[in-house]
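Engineer: Next input, structure requested:
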Amino acid sequence: MKRPTIFIALTLCAALAALQVSAQTFPDAGASKKTSKSQCPKVAFSAVEKPQAMGRKFSAARSADLIFRVLFDHKLEAEHVVTLKVFTPNGHLYRQLDVPVVSDVGKRSAHARRLPGYPYPVKVRATSSIKAGKKNYESVDVVFPVAGSTIITSSLYGRWTVDVCLDGAADPCGKPTFFHLKE
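Structural biologist: As a prediction, the model looks like this:
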(Lines give C-alpha, C1' and ligand atoms only; values in the text may rest on other atoms or scores of the structure.)
Protein backbone atom coordinates (compact mmCIF):
# COMPACT_ATOMS: atom_id res chain seq x y z
CA MET A 1 0.00 0.00 0.00
CA LYS A 2 2.90 2.40 0.73
CA ARG A 3 4.80 1.78 -2.53
CA PRO A 4 2.22 3.38 -4.88
CA THR A 5 2.02 6.44 -2.58
CA ILE A 6 5.80 6.87 -2.62
CA PHE A 7 5.86 6.44 -6.41
CA ILE A 8 3.16 9.11 -6.88
CA ALA A 9 4.97 11.50 -4.52
CA LEU A 10 8.29 11.03 -6.38
CA THR A 11 6.56 11.54 -9.74
CA LEU A 12 4.99 14.79 -8.53
CA CYS A 13 8.33 16.03 -7.18
CA ALA A 14 10.03 15.28 -10.51
CA ALA A 15 7.28 17.10 -12.42
CA LEU A 16 7.56 20.17 -10.17
CA ALA A 17 11.35 20.22 -10.54
CA ALA A 18 11.01 20.07 -14.34
CA LEU A 19 8.56 22.98 -14.29
CA GLN A 20 10.92 25.04 -12.13
CA VAL A 21 13.87 24.46 -14.48
CA SER A 22 11.79 25.31 -17.58
CA ALA A 23 10.62 28.55 -15.94
CA GLN A 24 14.20 29.85 -15.70
CA THR A 25 15.14 32.10 -18.60
CA PHE A 26 18.16 33.94 -19.90
CA PRO A 27 18.28 37.71 -19.43
CA ASP A 28 16.14 39.59 -21.96
CA ALA A 29 15.05 36.30 -23.56
CA GLY A 30 11.38 37.28 -23.43
CA ALA A 31 11.99 40.77 -24.80
CA SER A 32 13.09 39.67 -28.25
CA LYS A 33 12.94 36.14 -29.56
CA LYS A 34 14.80 37.06 -32.74
CA THR A 35 18.24 38.61 -32.59
CA SER A 36 19.10 40.91 -35.44
CA LYS A 37 22.11 39.86 -37.52
CA SER A 38 23.89 43.11 -36.59
CA GLN A 39 23.78 42.18 -32.89
CA CYS A 40 25.14 38.68 -33.47
CA PRO A 41 28.76 38.33 -32.39
CA LYS A 42 31.40 36.73 -34.59
CA VAL A 43 33.92 34.15 -33.39
CA ALA A 44 37.64 34.12 -34.17
CA PHE A 45 40.07 31.40 -33.10
CA SER A 46 43.60 31.21 -31.74
CA ALA A 47 45.78 28.87 -29.72
CA VAL A 48 46.55 29.75 -26.09
CA GLU A 49 50.25 29.66 -26.97
CA LYS A 50 49.77 32.51 -29.49
CA PRO A 51 46.58 34.34 -28.46
CA GLN A 52 47.03 37.24 -30.91
CA ALA A 53 47.57 34.98 -33.95
CA MET A 54 44.04 34.33 -35.20
CA GLY A 55 43.57 31.38 -37.51
CA ARG A 56 41.38 28.45 -38.45
CA LYS A 57 43.85 25.52 -38.55
CA PHE A 58 45.40 24.09 -35.41
CA SER A 59 47.45 21.09 -34.39
CA ALA A 60 46.13 19.25 -31.34
CA ALA A 61 49.70 18.12 -30.58
CA ARG A 62 50.96 21.73 -30.48
CA SER A 63 47.95 23.53 -28.97
CA ALA A 64 47.02 22.79 -25.38
CA ASP A 65 43.76 24.74 -25.68
CA LEU A 66 42.06 27.03 -28.15
CA ILE A 67 40.68 30.48 -27.51
CA PHE A 68 37.30 31.39 -28.96
CA ARG A 69 37.35 35.19 -29.25
CA VAL A 70 33.75 36.43 -29.30
CA LEU A 71 33.61 39.76 -31.17
CA PHE A 72 30.76 42.29 -30.94
CA ASP A 73 30.52 45.09 -33.54
CA HIS A 74 29.05 47.42 -30.91
CA LYS A 75 29.19 48.21 -27.23
CA LEU A 76 26.67 46.12 -25.31
CA GLU A 77 23.85 48.14 -23.77
CA ALA A 78 22.81 45.39 -21.36
CA GLU A 79 23.96 42.06 -20.06
CA HIS A 80 23.67 39.21 -22.59
CA VAL A 81 24.30 35.47 -22.59
CA VAL A 82 26.36 34.21 -25.53
CA THR A 83 25.93 30.51 -26.25
CA LEU A 84 28.61 28.76 -28.27
CA LYS A 85 27.53 25.36 -29.58
CA VAL A 86 30.59 23.38 -30.68
CA PHE A 87 29.99 20.48 -33.10
CA THR A 88 32.42 17.67 -33.94
CA PRO A 89 33.53 16.96 -37.51
CA ASN A 90 30.72 14.35 -37.65
CA GLY A 91 28.12 17.00 -36.73
CA HIS A 92 27.47 15.91 -33.14
CA LEU A 93 27.13 18.49 -30.37
CA TYR A 94 30.40 18.23 -28.44
CA ARG A 95 29.97 21.04 -25.94
CA GLN A 96 27.78 24.05 -25.25
CA LEU A 97 29.42 27.03 -23.58
CA ASP A 98 27.14 29.70 -22.07
CA VAL A 99 28.90 32.96 -21.21
CA PRO A 100 27.17 35.93 -19.55
CA VAL A 101 28.78 39.12 -20.90
CA VAL A 102 28.50 42.86 -20.28
CA SER A 103 30.44 45.82 -21.73
CA ASP A 104 31.09 47.77 -18.57
CA VAL A 105 32.13 46.09 -15.33
CA GLY A 106 30.32 48.88 -13.45
CA LYS A 107 27.00 47.95 -15.12
CA ARG A 108 27.32 44.35 -13.99
CA SER A 109 24.25 43.44 -11.94
CA ALA A 110 26.08 40.62 -10.18
CA HIS A 111 29.45 38.92 -10.34
CA ALA A 112 27.76 35.64 -11.30
CA ARG A 113 24.43 34.56 -12.78
CA ARG A 114 22.39 31.45 -12.49
CA LEU A 115 21.87 29.84 -15.89
CA PRO A 116 19.57 26.93 -16.74
CA GLY A 117 21.42 23.63 -16.79
CA TYR A 118 24.33 24.87 -14.66
CA PRO A 119 24.52 23.68 -11.04
CA TYR A 120 26.41 26.77 -9.89
CA PRO A 121 26.29 30.46 -10.87
CA VAL A 122 28.38 31.37 -13.93
CA LYS A 123 30.77 34.32 -13.73
CA VAL A 124 29.69 37.41 -15.70
CA ARG A 125 32.51 38.39 -18.06
CA ALA A 126 33.29 42.00 -19.01
CA THR A 127 34.23 42.66 -22.62
CA SER A 128 37.36 44.51 -23.59
CA SER A 129 37.89 46.85 -26.52
CA ILE A 130 40.20 45.61 -29.27
CA LYS A 131 41.06 46.64 -32.80
CA ALA A 132 41.09 44.01 -35.54
CA GLY A 133 42.12 45.33 -38.92
CA LYS A 134 40.53 48.76 -39.23
CA LYS A 135 37.55 47.93 -37.04
CA ASN A 136 36.96 48.27 -33.30
CA TYR A 137 35.26 45.46 -31.41
CA GLU A 138 34.15 44.56 -27.91
CA SER A 139 35.46 41.07 -27.19
CA VAL A 140 35.57 38.32 -24.63
CA ASP A 141 37.79 35.22 -24.77
CA VAL A 142 36.45 31.75 -24.00
CA VAL A 143 38.91 28.89 -23.51
CA PHE A 144 38.14 25.61 -25.29
CA PRO A 145 40.10 22.66 -23.82
CA VAL A 146 41.90 20.38 -26.29
CA ALA A 147 44.82 18.71 -24.48
CA GLY A 148 43.74 15.82 -22.29
CA SER A 149 40.18 15.93 -23.65
CA THR A 150 38.19 13.36 -25.62
CA ILE A 151 39.29 15.23 -28.74
CA ILE A 152 42.72 13.62 -28.32
CA THR A 153 41.64 10.27 -26.87
CA SER A 154 38.93 9.73 -29.54
CA SER A 155 40.89 11.28 -32.44
CA LEU A 156 38.20 13.86 -33.21
CA TYR A 157 40.20 15.58 -35.93
CA GLY A 158 38.78 17.51 -38.87
CA ARG A 159 36.50 20.48 -39.47
CA TRP A 160 34.65 21.64 -36.33
CA THR A 161 31.62 23.94 -36.40
CA VAL A 162 30.67 26.67 -33.91
CA ASP A 163 27.16 28.14 -33.82
CA VAL A 164 26.49 31.34 -31.87
CA CYS A 165 23.17 31.96 -30.12
CA LEU A 166 22.30 35.05 -28.09
CA ASP A 167 20.13 35.32 -24.97
CA GLY A 168 18.71 31.82 -24.93
CA ALA A 169 17.55 31.71 -28.55
CA ALA A 170 17.28 28.16 -29.89
CA ASP A 171 18.43 29.12 -33.41
CA PRO A 172 21.87 30.52 -34.25
CA CYS A 173 21.90 34.26 -34.88
CA GLY A 174 24.44 34.12 -37.67
CA LYS A 175 26.28 31.79 -40.00
CA PRO A 176 28.30 28.98 -38.42
CA THR A 177 32.05 29.44 -38.04
CA PHE A 178 34.59 26.70 -38.71
CA PHE A 179 38.00 25.67 -37.48
CA HIS A 180 40.16 22.65 -38.29
CA LEU A 181 41.98 20.42 -35.82
CA LYS A 182 44.64 18.03 -37.02
CA GLU A 183 46.73 15.56 -35.08
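Engineer: doesn't Leu84 make contact with Phe68?
Structural biologist: Yes: proximity of Phe68 to Leu84 meets the contact threshold set by Cβ atoms under 8 Å, at 6.0 Å. For the C-beta atoms, the positions are set from N, CA and C on the backbone; glycine is no exception.
Engineer: between these two, what contacts are shared?
Structural biologist: 43, 97, 142, 162 (Cβ atoms under 8 Å, 6 or more residues apart in numbering).
Engineer: Name whatever forms a beta bridge with the first one.
Structural biologist: Judged by DSSP bridges, the bridge partners of Val43 are Val70.
Engineer: quick one, what contacts it?
Structural biologist: Contacts of Val43 (Cβ under 8 Å, 6+ apart): 68-71, 84, 162, 164, 177.
Engineer: Looking at the residues you listed, spot the one nearest His92.
Structural biologist: Val162 (13.6 Å; Cβ to Cβ).
Engineer: Can you report how many residues lie near the residue nearest to the closest one when sequence neighbours are not counted?
Structural biologist: Nearest residue to Val162, sequence neighbours excluded (Cβ to Cβ, 6 or more residues apart in numbering): Thr177, at 4.8 Å. Counted by other Cβ atoms under 10 Å, the residues lying close to Thr177 total 18.
Engineer: Looks like Thr177 contacts Phe87 (just checking).
Structural biologist: No: contact criterion Cβ under 8 Å: Thr177 and Phe87 do not qualify, at 10.8 Å.
Engineer: anything in contact with each of the two?
Structural biologist: 161-162.
Engineer: Flag the shaky bits of the protein, pLDDT-wise.
Structural biologist: Counting by pLDDT under 70, the chain shows low-confidence ranges at 1-38, 105-110.
Engineer: could you redo the last one with a cut-off of 50?
Structural biologist: 1, 7, 9-35 (pLDDT under 50).
Engineer: Now do the strands in it.
Structural biologist: Shown for the chain, the strands assigned by DSSP state E span residues 42-47, 50-55, 57-59, 65-72, 80-87, 93-102, 112-113, 122-123, 125-126, 128-132, 135-145, 158-166, 177-182.
Engineer: Now tabulate those in JSON lines and tack on distance to Ile152.
Structural biologist: Converted to JSON lines, the strands of the chain look like this (distance: least, Cβ to Cβ, whole Å):
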{"stretch": "strand 42-47", "distance to Ile152": "15"}
{"stretch": "strand 50-55", "distance to Ile152": "19"}
{"stretch": "strand 57-59", "distance to Ile152": "11"}
{"stretch": "strand 65-72", "distance to Ile152": "12"}
{"stretch": "strand 80-87", "distance to Ile152": "15"}
{"stretch": "strand 93-102", "distance to Ile152": "13"}
{"stretch": "strand 112-113", "distance to Ile152": "31"}
{"stretch": "strand 122-123", "distance to Ile152": "26"}
{"stretch": "strand 125-126", "distance to Ile152": "27"}
{"stretch": "strand 128-132", "distance to Ile152": "30"}
{"stretch": "strand 135-145", "distance to Ile152": "10"}
{"stretch": "strand 158-166", "distance to Ile152": "14"}
{"stretch": "strand 177-182", "distance to Ile152": "10"}
